[in-house]
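Q: Turn this into a structure:
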Amino acid sequence: MIINESLRLYPPVVMITRKLKRAVRVGKFTIPSGIELVQPTLAIHHDPGQWGNDANLFKPKRFSQGLMNATRSPMAFLPFGYGPRTCLGLNFAILESKLALSMILPRYALMPSPSYHHAPIVGITLAPQHGVPIIINPLQ
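A: Sure, this is the predicted structure:
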């Protein structure tokens, strides 16, 4: 739940682009071939219409009933893209996250530093502009 909610709020892929190989009809509109479409993953992941009025809050419990029940649309959670072009690193990234958390959390308490200033910035991926200073305390 924590990993999914973190990926929802801070997806590694903030937008997905696709170039149309042929014209596509969407409702009463025709989109010509050669047009590059942009799917704004970051905006979809923060959309109150999909995630509720608390869409900008970190609430891992929204995934407690599974991914399909966390949102109003199964296509609203796309941290690694979707379909045949889904990121090849998806399974490795999830496994690596679970492994790191399983090694750190039983031994340490993590708290954000009072100096932390939330300021995400879009680069190749979404990242904290000023880093993430944390306070680490060993558990007894």
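Q: So Arg72 versus Gln50, what's the distance?
A: 5 Å (CB to CB, to the nearest Å). Where you see a C-beta, it was placed from the backbone N, CA and C, and this is true even at glycine.
Q: Who has more neighbours out of these two?
A: Set Arg72 next to Gln50 and count neighbours by other CB atoms under 10 Å: Gln50 wins out with 17 against 11.
Q: Surely that one and Met75 touch.
A: No. Taking contacts as CB atoms under 8 Å, Gln50 lies outside contact range of Met75: 9.1 Å.
Q: need the contact list for Leu90.
A: By CB atoms under 8 Å, 6 or more residues apart in numbering, Leu90 lies in contact with Phe80.
Q: Hmm, I typed the wrong one, I wanted Tyr82.
A: Listed by CB under 8 Å, 6+ apart, the contact set of Tyr82 reads Ile16, Met75.
Q: Quick one, grab the pLDDT at it.
A: pLDDT recorded at Tyr82 is 87.
Q: Over to Pro112?
A: pLDDT recorded at Pro112 is 91.
Q: Could you list the domains of this structure?
A: As assigned by automatic domain parsing, the chain contains the domains 2-106, 107-140.
Q: Point out the most buried one among those domains.
A: A comparison of those by mean neighbour count, using mean count of other CB atoms under 10 Å, puts domain 2-106 on top with a mean of 13.
Q: Any idea how far apart the tips of that one sit?
A: This stretch, domain 2-106, spans 15 Å end to end (CA to CA, to the nearest Å).
Q: go on, stretch 114-124?
A: OK, stretch 114-124 end separation, CA to CA: 27 Å.
Q: which one in the chain is furthest away from the centre?
A: Distance from the C-alpha centroid of the chain peaks at Gln140, with 33.0 Å (CA atoms, centre = their mean).
Q: Now for that residue: which residues touch it?
A: Gln140 neighbours (CB under 8 Å, 6+ apart): none.
Q: how much space between it and Pro106?
A: In terms of CB to CB, Gln140 sits 12 Å off from Pro106.
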